[in-house]
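Novice: Quick one: sequence and predicted model below, then my questions.
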2 protein chains.
Amino acid sequence: MPVAFAAQEHATIAQTSAHNALFVKVSEALGLEFVGNAAFDEFYEMQVQERHGTRRKKTAGQTLLKERLLREATVLDADILKVSSFVNHMVDVEMMEACGEELAERLEKQQPTKVLTVEATGLLPAMFVAKALSLPCVFARKQRQISISDSYQTSYKSTVASTPQDLYVSTEYLNPSDRVLIIDDFLAGGRTADALVRLCKMANANVVGGGFLIEKAADAGRAFLSGYQIPLESIALVEVKDGTIHVIEQDSREAPAQLQSEVAAVARNFDDSPPDDDDDGLVRLSV
Amino acid sequence: MPVAFAAQEHATIAQTSAHNALFVKVSEALGLEFVGNAAFDEFYEMQVQERHGTRRKKTAGQTLLKERLLREATVLDADILKVSSFVNHMVDVEMMEACGEELAERLEKQQPTKVLTVEATGLLPAMFVAKALSLPCVFARKQRQISISDSYQTSYKSTVASTPQDLYVSTEYLNPSDRVLIIDDFLAGGRTADALVRLCKMANANVVGGGFLIEKAADAGRAFLSGYQIPLESIALVEVKDGTIHVIEQDSREAPAQLQSEVAAVARNFDDSPPDDDDDGLVRLSV
């Protein structure tokens, strides 16, 4: 038996969030469904999502980043994206903060205790993720620092660089009790994130998630990192077709799993051995 | 004739900022002075400062930074400060934001249009200064970027490094109409800030101020930069005596001028020629 809370010719005004919750509870407790106009159904759907913790509240970062990607980014040789006018040379700080807040919201449930990134451009989103979650932000250095005596060290070869890159994190700043979020500006081949995970493993710290501004679908970084079984979030999933940039729509709730299988389909074989699944000291989390 | 707004045995409660302003205006218009207890005088002083735009509202950054400097920073060889646990390896993001807001407040009157810093650690305060003032944040790169074709390039030799460091800024992101704030984590010898000013000069952009987290008094960077005649602000002025760190109290309003003469007194001769004063395209501002 459908119960109409308001006839179609009446406007429904949600007065407070307590009222909203009450409406939803009553209808669910009595096994009744809302009927009404489209706006009313949307409101009900939103309330249900909120109760189940699946509602994405923040979308400003996504909107701003997508707009700038489509308007200003250009494609260079080897499908390298030029995003220097808003990410990696001149920073749109408002956009960056909105993206950081959005990543923070998506990854907060992993209960992280620390944000880990790599200098320099990784700091841009990482600082705002750390700020939103009130966490310290550790950044791996690319050169040994004079002030650091004992470090975890690793090296990796990114898809765009010709020589391997060293990374160092002081043994002081990664601990076995840490639940680490790995944040970076780009997820392309996944080599940088993989190196950061390895640094955490040396410290027996748990990696509980990864967050990125821009994910390049064709580079299959998500597939490369899939062995770690941690949730990976990106604000914009980008594809380059015939020299043009496309931002792929990500469904707000089922994105990670769906994307993972999609991207896995285009994964190519890697020279490096894939990350091993055993004895890595990581908490297993379903994606 | 002194007029008492409240007898000493009554508490004075400032109800709104409009009331506060009214009290001050009345007393000043009639040429009367406030009399009362210490708290009342302090309140009056605060209102006068606010009217004259000389009141420092934000001091949280200063407090937090000083606390961590005294508690955690250590002194390495050649009086290098180790601040890796809260600035340049693991970042105390809350402290960093408070410092950025404080620098922004002090330098806002220069009406900047852009923040310029250098990767990587300069980004930490610069991002929060830019955020507080709603400005874009440009950061000089230490290596030529594949995505940048035309750059302003300079090089400098910092007091702690053994080899010269190149800096690049794309010609796209510095323009003659820009009023630039130079922000960095440290002001020591002043060579980095000087290089950033030179990059701005190449672009005919105006440098209108400089802001730093930590200023090392003994390295005389303030004296080295004095030829540019721009206001320089630092959150913590630090001195190392016998291997111990001292944070020198800066008077909240007259700090820059006072410090400049103090620091100039300990300035040593430099190998490089001092910055020239003529034809540098800078707006002259008294410090």
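Specialist: Right, received. Where do you want to start?
Novice: low-scoring stretches of chain A, by residue?
Specialist: Segments of chain A classed as low confidence (criterion: pLDDT under 70) are A:1-21, A:23-24, A:33-43, A:50-56, A:251-287.
Novice: which bits of the stretch 151-287 of chain A sit near chain B?
Specialist: A:160, A:169-170, A:172-173 (CB under 8 Å from any CB of the partner chain). In short, each C-beta sits where N, CA and C put it, glycine included.
Novice: Chain A: strands as residue ranges?
Specialist: Secondary structure of chain A, counting by DSSP state E: strands at A:74-75, A:81-82, A:90-91, A:114-118, A:137-140, A:151-156, A:165-170, A:179-187, A:206-216, A:232-241, A:244-248.
Novice: and the angle from the longest one to strand A:179-187?
Specialist: So the one you mean is strand A:206-216. 10 degrees (axes from the mean of the first three to the mean of the last three CA atoms, to 10 degrees).
Novice: name the helices or strands packed onto strand A:206-216?
Specialist: Other helices and strands packing on strand A:206-216, by 3 or more CB pairs under 8 Å, 6 or more residues apart in numbering or on different chains; DSSP states H and E, are helix A:60-72, helix A:93-107, helix A:123-133, strand A:179-187, helix A:191-202, strand A:232-241.
Novice: Report the residue ranges of every domain in chain A.
Specialist: What automatic domain parsing lists as the domains of chain A is A:1-55, A:60-265.
Novice: Just name the most buried of these.
Specialist: Among these, ranked by average contacts under mean count of other CB atoms under 10 Å in any protein chain shown, first place goes to domain A:60-265 (a mean of 20).
Novice: and residue A:80, how far is that from chain B?
Specialist: 7 Å (CB to the nearest CB, to the nearest Å).
Novice: Can you say which of the helices and strands packed on strand A:206-216 is nearest to residue B:140?
Specialist: Between residue B:140 and the helices and strands packed on strand A:206-216, the tightest spacing by CB to CB is seen for helix A:123-133, at 14.7 Å.
Novice: got a list of contacts for that closest one?
Specialist: Here helix A:123-133 makes contact (CB atoms under 8 Å, 6 or more residues apart in numbering or on different chains) with A:87-88, A:91, A:96-97, A:99-101, A:103-105, A:107-108, A:112, A:115-117, A:135-137, A:139, A:181, A:183-185, A:211-213, B:91, B:93-94, B:96-97, B:120, B:123-124, B:127.
Novice: let's see it at 6 Å
Specialist: Here helix A:123-133 makes contact (CB atoms under 6 Å, 6 or more residues apart in numbering or on different chains) with A:91, A:96-97, A:99-101, A:103-104, A:115, A:117, A:137, A:139, A:183, A:185, A:213, B:93, B:123, B:127.
Novice: just stretch A:60-77 next, same as before
Specialist: A:81-83, A:85-86, A:95, A:98-99, A:102, A:235-236, A:240, A:243, A:245, A:247, B:147.
Novice: mind checking how far it is from the chain centre?
Specialist: Computed by CA atoms, centre = their mean, to the nearest Å, the chain-centroid distance of stretch A:60-77 equals 17 Å.
Novice: wait, residue A:101 sits on residue A:58?
Specialist: Yes: here residue A:101 reaches residue A:58: they are 5.4 Å apart, a contact under CB atoms under 6 Å.
Novice: The residue lying closest to residue A:168 once chain neighbours are set aside bridge partners, please.
Specialist: Leaving aside its sequence neighbours, residue A:168 sits nearest to residue A:151 (CB to CB, 6 or more residues apart in numbering or on different chains; 4.3 Å). Assessed by DSSP bridges, residue A:151 has beta-bridge partners residue A:170.
Novice: Would you confirm that residue A:151 contacts residue A:166?
Specialist: No: look at residue A:151 against residue A:166 with CB under 6 Å: they stay out of range, at 9.9 Å.
Novice: about what we covered before: now the helices and strands packed on strand A:206-216 in JSON lines, please, with extra columns for distance to residue A:28.
Specialist: As requested, the helices and strands packed on strand A:206-216 are exported to JSON lines (distance: least, CB to CB, whole Å):
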{"stretch": "helix A:60-72", "distance to residue A:28": "30"}
{"stretch": "helix A:93-107", "distance to residue A:28": "25"}
{"stretch": "helix A:123-133", "distance to residue A:28": "31"}
{"stretch": "strand A:179-187", "distance to residue A:28": "34"}
{"stretch": "helix A:191-202", "distance to residue A:28": "40"}
{"stretch": "strand A:232-241", "distance to residue A:28": "29"}
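Novice: Which one of these lies nearest to residue B:44?
Specialist: helix A:123-133 (36.9 Å).
Novice: Which residue comes closest to residue A:78 once chain neighbours are left out?
Specialist: residue A:160 (7.2 Å).
Novice: Let's see stretch A:211-225 as CSV, backbone CA atoms only.
Specialist: Output in CSV follows, covering the C-alpha atoms of stretch A:211-225 (Å, rounded to 0.1, in the frame of the first residue of the first chain):
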residue,chain,number,x,y,z
GLY,A,211,43.9,8.3,-3.6
PHE,A,212,44.8,10.1,-6.8
LEU,A,213,43.8,13.2,-8.6
ILE,A,214,44.1,11.9,-12.1
GLU,A,215,44.0,8.2,-13.2
LYS,A,216,45.1,7.4,-16.7
ALA,A,217,42.9,4.4,-17.7
ALA,A,218,45.2,3.1,-20.4
ASP,A,219,48.2,2.8,-18.2
ALA,A,220,46.6,0.1,-16.1
GLY,A,221,48.1,1.3,-12.8
ARG,A,222,45.0,0.0,-11.0
ALA,A,223,45.6,-3.5,-12.3
PHE,A,224,49.3,-3.3,-11.5
LEU,A,225,48.4,-2.5,-7.9
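Novice: and it, how far out from the chain's middle?
Specialist: With CA atoms, centre = their mean as the basis, stretch A:211-225 stands 10 Å off its chain's centre.
Novice: Please work out the residue of the stretch 151-287 of chain A nearest to chain B and name it.
Specialist: In the stretch 151-287 of chain A, the residue that lies nearest chain B is residue A:173 (4.5 Å; CB to the nearest CB).
Novice: got a list of what that residue touches?
Specialist: Contacts of residue A:173 by CB under 6 Å, 6+ apart are A:138, B:90.
Novice: ok so, going back, in the residues of the stretch 151-287 of chain A next to chain B, find the pair that's most separated.
Specialist: A:160 and A:172 (30.9 Å).
Novice: Look up phi and psi at residue A:171.
Specialist: phi -60, psi -20 (degrees, to the nearest 10).
Novice: How much space separates it from residue A:205?
Specialist: According to CB to CB, to the nearest Å, residue A:171 and residue A:205 sit 11 Å apart.
Novice: repeat for residue A:149
Specialist: Residue A:149 is 19 Å from residue A:205, by CB to CB.
Novice: wouldn't residue A:200 be in contact with residue A:180 here?
Specialist: Yes: if you go by CB under 6 Å, residue A:200 and residue A:180 touch, sitting 5.2 Å apart.
Novice: Now for the two: what residues contact both?
Specialist: Counting by CB under 6 Å, 6+ apart, the residues touching both residue A:200 and residue A:180 are residue A:207.
Novice: what does the stretch 1-150 of chain A have sitting close to chain B?
Specialist: Proximity of the stretch 1-150 of chain A to chain B is confined to A:76, A:82, A:84, A:89-91, A:93, A:119-120, A:123, A:127, A:130-131, A:136-138, A:147 under the rule CB under 6 Å from any CB of the partner chain.
Novice: Swap in 8 Å and give it another go.
Specialist: So the stretch 1-150 of chain A meets chain B at A:76, A:80, A:82, A:84-85, A:88-94, A:96-97, A:119-121, A:123-124, A:127, A:130-131, A:134-139, A:141, A:145-148 (CB under 8 Å from any CB).
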